[in-house]
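Novice: Return a 3D structure for these sequence lines:
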Amino acid sequence: VPNKQKIVAVIPARMGSSRFPGKPLKKILGIPMIEHVRRRVEMSKILDEVLVATCDEEIYGTVNSFNGNAIMTSNVHERASDRVAEVATKIDADIFVLVQGDEPMIYPEMINRAVEPMLKDPTIKCVNLTKQITSEEEWKNPNTIKVVTDKYKNALYFSRQSIPTIKNFEKDNMKLFKQVCIIPFQKNTILQYAQLDPTPLEVAESIDMMRFLEHGHKVHMVETEFDTFSVDTPEDLVKIEKLIKTDHLIKEYI
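Specialist: Next comes the predicted model:
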């Protein structure tokens, strides 16, 4: 294919999660969570390479022991996007796809879906997946990042609060959306991200994408039908283990 772009997925992972330390190496069906993510991401046909980016020797060693590719990065990064940006200074590729390491039920189709708009339209510099919120509990959960968009599907704001304001979750027939953490960047865009100063709303919300929005950049949202579940607490891990047992992908990689 002429002009084929090189696409690399980067899964940032670190042991020091404030809410759930050691999270990436917690086992699900006997396999570390980070491995579930890596193996599922590798099923995407559009990727040229999949890397786990970490500042922890334990994660690096674990991924290597499963014959995966890991890369050591600095331990100063507050944001996953900054960790991916460091990888982009070391690895040659056109598109870097940030994949959160705490969503062990990710599907390869989600990666294809997120990257597609960027391949069709080079003016799109950064994409986020989004999924409709289906329960009030999820809408009120601060671990779920809510997003509102303009009519061109560009993000207006991300928040851990329940946005937009509605009176009644059941009766107000408004579609509500959350961010799904698969984020493709053009190479120059992710490098630029790391050069930008952190912004007040990024810090207040603890959401990477706010840095982009506050500096006047566009984040293009693409809807997915796939529901994923992030592991933020030990309770989430128990829930995921039940769900993943019946998942159709499991038998392909365990």
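Novice: Show me what Leu98 bridges to in the sheet.
Specialist: On DSSP bridges, the residues paired with Leu98 through beta bridges are Val10, Ile183.
Novice: I'd like the distance between it and Gly16.
Specialist: Distance of Leu98 to Gly16, computed by CB to CB, to the nearest Å: 18 Å. C-beta: built from backbone N, CA, C; applies to glycine.
Novice: Comparing the two, which residue is more hemmed in?
Specialist: Neighbours per residue, other CB atoms under 10 Å: of Leu98 and Gly16, the larger number sits with Leu98, 27 against 10.
Novice: Now do the contacts for the more buried one.
Specialist: Val10, Pro12, Ala80, Ser81, Val84, Cys181, Ile182, Ile183, Pro184, Phe185 (CB atoms under 8 Å, 6 or more residues apart in numbering).
Novice: likewise Thr233?
Specialist: Shown in contact with Thr233 (CB under 8 Å, 6+ apart): Arg19, Phe20.
Novice: same thing with the one 10 residues further on?
Specialist: When contacts are counted by CB under 8 Å, 6+ apart, Leu243 is found next to Met105, Phe229.
Novice: mind listing the strands in this structure by residue range?
Specialist: Taking DSSP state E to define them, one finds strands in the chain at 7-13, 27-28, 31-32, 49-54, 70-72, 95-99, 127-132, 146-149, 155-159, 177-180, 182-186, 220-223.
Novice: Now the fifth one: buried residues?
Specialist: The neighbour-count check on strand 70-72 (16 or more other CB atoms under 10 Å) flags Ala70, Ile71 as buried.
Novice: and it, what other elements does it pack with?
Specialist: Packing partners of strand 70-72 (3 or more CB pairs under 8 Å, 6 or more residues apart in numbering; DSSP states H and E): strand 49-54, helix 57-65.
Novice: Low-confidence stretches in the stretch 1-150 of the chain?
Specialist: Applying pLDDT under 70 to the stretch 1-150 of the chain flags the ranges 1-3.
Novice: make it 80
Specialist: The stretch 1-150 of the chain contains residues with pLDDT under 80 at 1-3, 17-19.
Novice: sorry, back to before: go through the contacts of Leu98 and name the one nearest Glu58.
Specialist: Pro12 (15.0 Å; CB to CB).
Novice: isn't the closest one right up against Glu86?
Specialist: No - counting by CB atoms under 8 Å, Pro12 sits too far from Glu86 to count as a contact (9.5 Å).
Novice: Now do the shared contacts for these two.
Specialist: Ala53, Thr73, His77.
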